[in-house]
Each structure stands twice: as C-alpha cells, then as structure tokens.
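[1] Here is the input, now give the coordinates:
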Amino acid sequence: MTERELRNDYVRALEGYLGAREGDERHRELIDWYNRLPVLPRGYKMTVNDDWCVAAAVAVAVKLGLTEVIFPECSCTRAIALYRQEGRFVRDRSYIPQVGDFVVYDWQGNADPDHWGTVAAVEGDKLTVIEGNMTDRVDRRSVTIGDKRIYGYCLPDYGKLAEGDGFADVPQDAWYAEAVALCASLGLMVGREDGTFDPAAPVTRAELAAVTMRLHKLLTDTNS
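    Residues are numbered from 1 along each chain as shown. Next up is the predicted model:
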C-alpha cells in the first residue's frame, strides 16, 4: 500500500465516526479502541467523561494497526512531545500539511496547546479538519493555513509503513526528490513500467495530458 493510500484509508476510517456524540455508542467504541492499546500511556485508562480529541485519532490508529507512526497518547502536550522527539513536529503556521497529518490548536493563544484534529483535505490555503470532541462530537472544521489559532502540526511517518512510492533512479538527496515523491503520493505521476521515474526524459504531449487529467480528477474528487 502506498503512502497516499495509507493516509486516505486512515482519514476514511475516521470519517466513519462523523456525527458520533459524547456518550453514544460510537463514542464509546472509540474509547474502547483506545483502551485496547497493549500499553496504555502512563497506565491511564480512558473514560467516556475524559477529553477525547487526541484519543479519537489514536483509537482509529489502533483499529487500523498504525500505532507505529501515530503515537499513542490522550494529551495534546504529551503527544506533541512524542512527535517532537522523532523530528515530526512542525511549529510553523505557514506549513502546508498533507491529508492524515494532525493539526494542534491553541485556542487561548497562550502557547498551551489544547485541541487536536486530523487533516482530511487540503484545497489551496483551506484545510478540512476532522476533530473528536468538537463541542462533544466528531465533526469537520474548515480552517485557513496560517490561522493564528494553529499551534503546529504533528506529522505521522506514513512513508515508514508504505510500499511502492519510491523510484530507484531518484536519489533521496536529488533537488527534485521531494517534488517527485509528492506527485507520486498524489497519483499524478506513476513512473515507467519498470518502476523507474526516468527524470531526465523529456515530457511528451501524451504524458502531459495524462497528468492534467489526473490533476483534474484529484481536484474534482476533493471538491465533491
């Protein structure tokens, strides 16, 4: 499974809980999934009365077997510390996240992060974020990149679990490697039949048309 597929699968699973309300069956299911962790962070077992924005995201990771890259915690501050330790935390409001990354908010503006959400879509400078415990339910929020309420982003390393995203003829230190990886993760460029990217080859009209059509489909699907 590619990195893009992993990211999308995670978000789709989280979307399955949209509308869950605190205390209802689906909320209890999320808490139950969180508590299935083999080792509970700090030994703490969640209850239905606890704040659950981080726990909701982790619960879906437990369900999908992604806790190697989506770190188990139920506290914003402690979760950030785990991602920061792995170099996977970005405190930059201008950062453009990917689907499946986590947004951390600071509602009070006092450098004390207090809410958590998952990026479900990125369209220009607009993010669609799915949040547990959003006024006691799982719901979507639209937020603009650069919003002063954004404290930072936690970035699960989905690529660590992915298969098939890399090209043997694109060195990791190449100046264009990041752009190639992004295009591949979005499905815009799929490489040659032999699994290479052939970065020095000229782009044909047919290839340009194919990329244009894929981009159109991606944008259409995102907006639908």
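[2] give me phi/psi at the residue most central in space within the chain?
    With distances taken as CA atoms, centre = their mean, G100 lies nearest the centre of the chain, 1.2 Å away. In terms of degrees, to the nearest 10, the main-chain angles of G100 are phi 100, psi -10.
[3] Might you report the residue contacts of the nearest residue to it once chain neighbours are set aside?
    Spatial nearest neighbour of G100, excluding adjacent residues (CB to CB, 6 or more residues apart in numbering): R7 at 3.4 Å. C-beta coordinates here come from the backbone N, C-alpha and C atoms, glycine included. Listed by CB atoms under 8 Å, 6 or more residues apart in numbering, the contact partners of R7 are 98-100, 158, 185.
[4] how about R7, secondary structure?
    Following DSSP: H, G, I helix; E, B strand; the rest coil, we place R7 in the helix state.
[5] The closest residue to I80 other than its chain neighbours pairs with what?
    The shortest distance from I80 to any non-neighbouring residue, by CB to CB, 6+ apart, is to F89 (5.8 Å). Taking DSSP bridges as the rule, F89 bridges to C154.
[6] pLDDT wise, what is F89 at?
    On the pLDDT scale, F89 is placed at 97.
[7] wait, isn't it in contact with A79?
    No. Using CB atoms under 8 Å, F89 is not in contact with A79; the gap is 9.3 Å.
[8] Quickly list what's touching both of these two.
    Common neighbours of F89 and A79 (CB under 8 Å, 6+ apart) are C154.
[9] Look at the two and report which has more neighbours.
    A79 (26 against 19; other CB atoms under 10 Å).
[10] Next one: the more buried one relative to Y95, how far apart?
    A79 sits 17 Å away from Y95, going by CB to CB, to the nearest Å.
[11] secondary structure class for Q98?
    coil.
[12] and it, backbone torsions?
    Dihedral angles for Q98 - degrees, to the nearest 10 - are phi -110, psi 160.
[13] need the contact list for the nearest residue to K63 once chain neighbours are set aside.
    Spatial nearest neighbour of K63, chain neighbours left out: W33 (5.1 Å); criterion: CB to CB, 6+ apart. By CB under 8 Å, 6+ apart, the residues touching W33 are 59-60, 62-63.
[14] pLDDT value on W33, please?
    pLDDT, W33: 98.
[15] Map the structural domains onto the sequence of this structure.
    Domains of the chain are assigned by automatic domain parsing as 3-160, 177-223.
[16] neighbours of the nearest residue to D125 once chain neighbours are set aside, just the number please.
    In space, D125 comes closest to I145 once its chain neighbours are excluded; the distance is 4.6 Å by CB to CB, 6+ apart. Around I145 there are 16 other residues, counting by other CB under 10 Å.
[17] try T196
    Neighbours of T196 under the rule other CB under 10 Å: 13.
[18] Help me confirm that it is found in a strand?
    No. According to three-state DSSP, the state of T196 is coil, so it is not within a strand.
[19] heads up, I number from 45, so please use that
    In the new numbering, first residue 45, that becomes T240.
[20] distance of it from D213?
    Counting by CB to CB, the gap from T240 to D213 is 5 Å.
[21] For this protein, just list every one of the helices.
    47-59, 69-78, 97-108, 120-129, 221-229, 249-267 (DSSP state H).
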